[in-house]
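Student: here is the input, now give the coordinates:
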Amino acid sequence: MNAPSHRRKPRPAPDGRPVSTPSRGPLLRRIARKLEVRAIGLVPEYFNPAEGLRAAVAVGVPLVLVLASGLYALGWSIFAAFWTCLCVGPGSGRSQRRLLGTFVVLGAVIAFAGSWLAFWGPTAALVAGPVLVFLSILLPARVANANLLATLLAVVAVVAVGFPLPIHQALIEAVSFLLGAGWAYALIHGVWRIDPHAPLDLAARAVVARLADMAADLVATGEGPHRDAQWHRAHGEHRRAVRLALERLGALLPLHADERPERLAPYLRAQEAAETVFSALIALDHAFILQTGPAHERLAVARTFHSGLEAWRRTPRAFQTNSGVIDRWLKLVEHRRERLRGALVSGCLRALGQALATLKQSGPPAAMPPLPRPVATRAALRQALRQATGVLLVYIAARAFHLGYPYWGSMAVVVVLQKGTRVTWMRAMERICGSLLGGVGAAALLHVAYPVPLLAALCVVLAALAIALRSVNYTSFVVFLTVLFVTVTALLHPGEGIATARIADNTLGSLVALLSVLAVWPERRPRLRATLKNTLQANRAYLDAVETLAPFAQVHAARRAAGLASIELEMALHDLGSTVQRLRDRAPEDLADLTALRLVAGQAAAAWHERLADLPR
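Tutor: Next up is the predicted model:
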């Protein structure tokens, strides 16, 4: 009898690297999985140093010019350059240029209007702020992928109202904005272009990394009991992490649908291959939980998955352009499959081979993702009304409590208040924590008298870090953003208690945003129990399609429907409304349904891969 494969010396991978027994994934990604249980996003793969360095140049040039010339009236050019860098969202180069150009022009108009209207008195400012925010959210609503544009235009509006000026000075402010934003636009789309596909590369890499972590966890389990054999708080965390990563990739692909099909084809193939691998890993995970078949075969297959996924993660370009690399992996997978006796593990390896074959394909995709659709009028009106109401409440509170920088509170409302309760709730908590940490850091920094050039250089570094981290984690982004804004404000408009005011105003604005999303035109979302039941039914339909030997197209459609339903459930599980429901209802059947869902999903994946193993080659 052969010894278990985990005791043998591992063979080198086809790319020449040794395959060692992995851990359960790098520490940062393990932390990310724990945070995702609480709906806090942490995606270390999204760190983008190129965007950070470009933002440092965009902010640094106007900052140096303003400080060197002493023309502090042009200080708006600094903030405009930073906001323009923030406005660069995912999407094709054409859509980025259109949205960024719109921000430069409309931002200058809004900066003038807000500053001049607020000059007519406190009552005028009380009206102008909410009205401009309402229009900023509503006007771009018919433009696809304009959520970030609308939010930043609303930010410009509330900050402009915070600086009331007569008409000639308001014009100078608008020109200052135009100069800073125009410079940043020229840098982004002329001097220092970054591949618009970079977010797609990062998203695809994040999916593969989470798949590799899932395989690593199976290898680390070895022949011992699987921790998901009994229910626990982090049950199915790998499945959750992969589903969320796939959802993020899937949300980006339509934003590039106006490009040539051959440019988007590698990412569509990567998405299809990742979904195939994920289904196979769910089946293999199910086999580990139930300890189905010989343990050494399960472990050998898990090792093969892990080594292949690690090679894909380390050299993603090679898996897009080098068919020789994929051919070597295909030969290795087929060789190891021939030595297996279990139908389930054999089917899993066959699925891995199918995924590799998908990556090897060339030419345009069979179907492109649909073009992004503009926000529905009803949803746009709801969001505009919530934002305007929140800004009005902050203005009233600022008057009542004599806040020194009320525009920071209204800015917090604009950026924290999202369309969903869950996202708004987590953004509010993350912004409060980030503002507290950043405010304390900024206060400690400004407590010591540093020379102006050193503080200016620090601001450039902070701008780079904030932009580079903006997609990684919102809290870390807010920490560096807070230190940056407090320091720049201290340089341009010295005063006492700036850091404390930033903390207080951001806390107020975040709480008001949460109040607005809960109280103003609240959404009627399906109850958690109903979402759970629907997801369970979708996965049972997938299992039925496999067991009744339905055609492949029908099985694939059922599998995709089950996956989409599972993603919706994962998002709903951590919605604030769902949390309140669970606290109120305390329904024990929810736990039973969740347990049954994991089991049915595993059974469906296992049955499909057992069927896959029996197909002729």
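Student: point out where the stretch 501-617 of the chain drops to low pLDDT.
Tutor: For the stretch 501-617 of the chain, applying pLDDT under 70 flags the ranges 525-526, 571, 574-591, 615-617.
Student: could you pull out the helices in it for me?
Tutor: All helices of the stretch 501-617 of the chain, identified by DSSP state H, counting those that start in this stretch, fall at 528-547, 552-573, 576-585, 588-613.
Student: and if you look at the stretch 51-200 of the chain?
Tutor: With DSSP H, counting those that start in this stretch as the criterion, the stretch 51-200 of the chain has helices at 76-86, 93-118, 122-138, 147-161, 167-186, 198-221.
Student: if we can go back for a sec, out of the helices of the stretch 501-617 of the chain, nearest to residue 253?
Tutor: helix 552-573 (14.4 Å; CB to CB). Every C-beta, even on glycine, is put in place using the N, C-alpha and C of the backbone.
Student: next, count neighbours for residue 70.
Tutor: Residues contacting residue 70 under the criterion other CB atoms under 10 Å number 8.
Student: same deal with residue 241?
Tutor: Per other CB under 10 Å, the neighbour tally for residue 241 reads 26.
Student: which is the next helix or strand following the helix or strand hosting it?
Tutor: Under the criterion of DSSP states H and E, residue 241 resides in helix 237-252. As assigned by DSSP H and E, the chain's next helix or strand after helix 237-252 is helix 261-290.
Student: just want the angle from that next one to helix 237-252.
Tutor: 170 degrees (axes from the mean of the first three to the mean of the last three CA atoms, to 10 degrees).
Student: pull out the buried positions in helix 261-290.
Tutor: 264-289 (16 or more other CB atoms under 10 Å).
Student: if you skip the residues just before and after it, what's nearest to residue 44?
Tutor: The shortest distance from residue 44 to any non-neighbouring residue, by CB to CB, 6 or more residues apart in numbering, is to residue 28 (4.8 Å).
Student: with only the CA atoms kept, save stretch 523-530 in CSV.
Tutor: This file holds the C-alpha atoms of stretch 523-530, laid out as CSV (Å, rounded to 0.1, in the frame of the first residue of the first chain):
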residue,chain,number,x,y,z
GLU,A,523,-36.0,50.7,1.6
ARG,A,524,-38.2,47.6,2.0
ARG,A,525,-35.7,44.8,1.8
PRO,A,526,-36.7,41.1,2.0
ARG,A,527,-36.4,39.6,5.4
LEU,A,528,-33.3,37.6,6.1
ARG,A,529,-35.3,34.4,6.6
ALA,A,530,-36.9,34.8,3.2
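Student: so which bits of that stretch are buried?
Tutor: Per 16+ other CB under 10 Å, stretch 523-530 contains these buried residues: 528-529.
Student: same deal with stretch 240-259?
Tutor: Buried residues in stretch 240-259 (16+ other CB under 10 Å): 240-250, 252-259.
Student: hmm, back to that, measure the residue nearest to residue 44 to residue 257 for me?
Tutor: Residue 28 sits 32 Å away from residue 257, going by CB to CB, to the nearest Å.
Student: the helix holding residue 241 to helix 588-613, inter-axis angle?
Tutor: 80 degrees.
Student: helix 237-252 vs helix 552-573, what angle?
Tutor: 100 degrees.
Student: now helix 237-252 against helix 198-221, angle please.
Tutor: Going by the same axes, to 10 degrees, helix 237-252 makes 170 degrees with helix 198-221.
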